[in-house]
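**Student:** sequence-free structure coming up:
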Ligand SMILES: NC(=O)C1=CN([C@@H]2O[C@H](COP(=O)(O)OP(=O)(O)OC[C@H]3O[C@@H](n4cnc5c(N)ncnc54)[C@H](OP(=O)(O)O)[C@@H]3O)[C@@H](O)[C@H]2O)C=CC1
Ligand SMILES: CC(=O)N[C@@H](CCC(=O)OP(=O)(O)O)C(=O)O
């Protein structure tokens with residue numbers, strides 16, 4: 001039976017890409033508000049309560065407000081914002097990162113999409129910590145680079161608008177980026193990671209790196225064991241690929257990057273095996289946002305989880 005879907009924030013960067021992934025799919029029918037009505041509280045309330053599934057592509061405050069407007073016990077919600085990612089009443093929408101998560105999402109009424117950077121970090125670190133291959137009480141460092149669409153319409157304007165002149169932007173300099181609590185909680189870490197995000201002049205794409213000085217990390221295993229564990233953890237996943245090579249010569253974010261809903265993971269070890277660079281490559285708008293939302297929608301609706309995805 002066709003299910004109705006309302007994307008609140010449908011003309012934003014994430015919303016448009018979700019609509020694109022859903023277009024032409026007969027399993028879903030979209031409830032669409034006109035330009036005049038899309039921010040009208042009464043129209044949104046009606047759509048939020050009529051839909052079988054709601055996908056929130058809004059700033060955090062507006063996402064919280066939208067959830068409060070839902071006055072029935074039927075509508076199921078996927079929130080792309082940061083608002084509910086550490087809320088125990090919401091399922092964390094990363095089906096592959098830990099055992100049982102796919103089933104939790106399938107059964108949940110409220111699902112919070114992961115942040116784009118945490119998708120890379122948790123994809124690498126969470127299975128290794130859970131298996132005891134790296135410690136849960138280490139102060140991890142996360143170095144990451146995003147395409148500028150990661151900052152939505154406002155950042156796109158700063159990179160593409162009149163007089164735009166930014167080539168590279170580092171930020172999060174107050175060490176309080178909104179993704180840190182989510183990374184710490186879902187990786188099961190006792191210490192907050194030090195997170196250093198940056199933006200380059202490419203529309204989409206993301207690299208997330210976690211450097212590991214394993215020779216001084218208590219109880220850490222070898223790079224080969226880490227790669228083997230990740231390969232086993234993600235074996236058979238249509239979305240997450242763990243690469244076998246020890247050291248590709250380079251990893252690139254292209255200006256012409258095509259949309260992708262994949263997550264590619266690498267474990268690079270030094271010749272002596274005393275240092276490791278864990279690296280994740282993804283599309284901030286794909287597995288980092290819109291692709292993840294559509295994957296979660298598929299799972300919640302009991303459909304093939306990769307329908308409509310770009311893999
Ligand atoms: N961009 C990305 O790569 C990622 C984004 N996200 C998250 O997804 C959410 C959406 O981000 P993104 O699409 O990038 O942001 P955008 O700024 O591109 O889009 C947000 C949309 O929400 C609309 N909006 C704002 N307030 C309201 C409201 N009260 N009622 C109805 N609509 C409203 C905006 O309207 P208007 O057009 O008038 O401004 C805009 O169209 C955010 O929480 C973001 O953090 C998560 C992961 C990655
Ligand atoms: C490049 C850039 O600005 N990225 C955004 C995060 C994008 C994302 O994952 O968004 P939410 O957590 O808000 O859903 C940022 O760092 O704030």
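**Tutor:** Yep, it's here. Worth saying up front: this structure is predicted, and the values here are computed from it rather than measured. Ligands and ions are numbered 1, 2, ... in the order given.
**Student:** by contact count, what packs against the lengthiest helix in the chain?
**Tutor:** When the chain is parsed with DSSP state H, its longest helix is helix 116-130. Applying 3 or more CB pairs under 8 Å, 6 or more residues apart in numbering; DSSP states H and E, we find helix 116-130 packed against strand 141-147, helix 180-187, strand 206-212, helix 223-233, strand 263-269, strand 276-282. C-betas here are computed from N, CA, C, even on glycine.
**Student:** contacts for the fifth one?
**Tutor:** Surrounding strand 263-269, the residues in contact under the criterion CB atoms under 8 Å, 6 or more residues apart in numbering are 96, 119-120, 123-124, 222-224, 226-227, 230, 234, 239-243, 245-248, 251, 275-282, 287.
**Student:** pull out the buried members of those.
**Tutor:** 96, 119-120, 123-124, 223, 226-227, 230, 234, 239-243, 275-282, 287 (16 or more other CB atoms under 10 Å).
**Student:** these two touch, right, residue 147 and residue 254?
**Tutor:** No. If you go by CB atoms under 8 Å, residue 147 and residue 254 don't touch, sitting 9.7 Å apart.
**Student:** between those two, which contacts overlap?
**Tutor:** Common contact partners of residue 147 and residue 254 (CB under 8 Å, 6+ apart): 202, 205.
**Student:** and these two? Which one has more around it.
**Tutor:** Between residue 147 and residue 254, counting by other CB atoms under 10 Å, residue 147 is the more crowded of the two (26 against 11).
**Student:** OK, contacts around the more buried one?
**Tutor:** Contacts of residue 147 by CB under 8 Å, 6+ apart are 199-200, 202-206, 253, 257, 283-285.
**Student:** at 6 Å instead, please
**Tutor:** Contacts of residue 147 were listed using CB atoms under 6 Å, 6 or more residues apart in numbering, and they are 202-205, 284.
**Student:** what sits opposite it in the beta ladder?
**Tutor:** Beta-bridge partners for residue 147, by DSSP bridges, are residue 200.
**Student:** so which bits of the stretch 101-250 of the chain are right by ligand 2?
**Tutor:** Contact residues (CB under 6 Å from any ligand atom) of the stretch 101-250 of the chain with ligand 2: 115-116, 146, 150-151, 155, 178-179, 197, 199.
**Student:** show me which residues of the stretch 101-250 of the chain are close to ligand 1?
**Tutor:** Selection of the stretch 101-250 of the chain residues close to ligand 1 by CB under 6 Å from any ligand atom yields 115-116, 149-150, 152-153.
**Student:** of those, grab the buried ones for PyMOL.
**Tutor:** For the buried members of those, the matching PyMOL selection, counting by 16+ other CB under 10 Å, is:
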select buried, resi 115+116+149+150+152
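**Student:** which one of the residues of the stretch 101-250 of the chain next to ligand 1 is nearest to ligand 1?
**Tutor:** residue 152 (2.8 Å; CB to the nearest ligand atom).
**Student:** the closest one: what secondary structure?
**Tutor:** helix (DSSP: H, G, I helix; E, B strand; the rest coil).
**Student:** residue 148 reaches residue 158, doesn't it?
**Tutor:** No. Checked against CB atoms under 6 Å, the pair residue 148 and residue 158 is beyond contact range at 7.4 Å.
**Student:** which one's more surrounded, these two?
**Tutor:** The neighbour count for residue 148 versus residue 158, taken as other CB under 10 Å, is higher for residue 148 (23 against 16).
**Student:** quick one: contacts for the more buried one?
**Tutor:** 155, 159, 199.
**Student:** how close does it sit to residue 113?
**Tutor:** 20 Å (CB to CB, to the nearest Å).
**Student:** what of residue 141?
**Tutor:** When residue 141 is compared with residue 113 (using CB to CB), they lie 25 Å apart.
**Student:** which one of those two is surrounded by more residues?
**Tutor:** Between residue 141 and residue 113, counted using other CB under 10 Å, residue 113 has the larger neighbour count: 29 against 14.
**Student:** ok, the more buried one to residue 87 distance?
**Tutor:** Residue 113 sits 13 Å away from residue 87, going by CB to CB.
**Student:** give me the residue from the stretch 201-311 of the chain nearest ligand 1.
**Tutor:** For the stretch 201-311 of the chain, CB to the nearest ligand atom, closest residue to ligand 1: residue 289, 3.4 Å.
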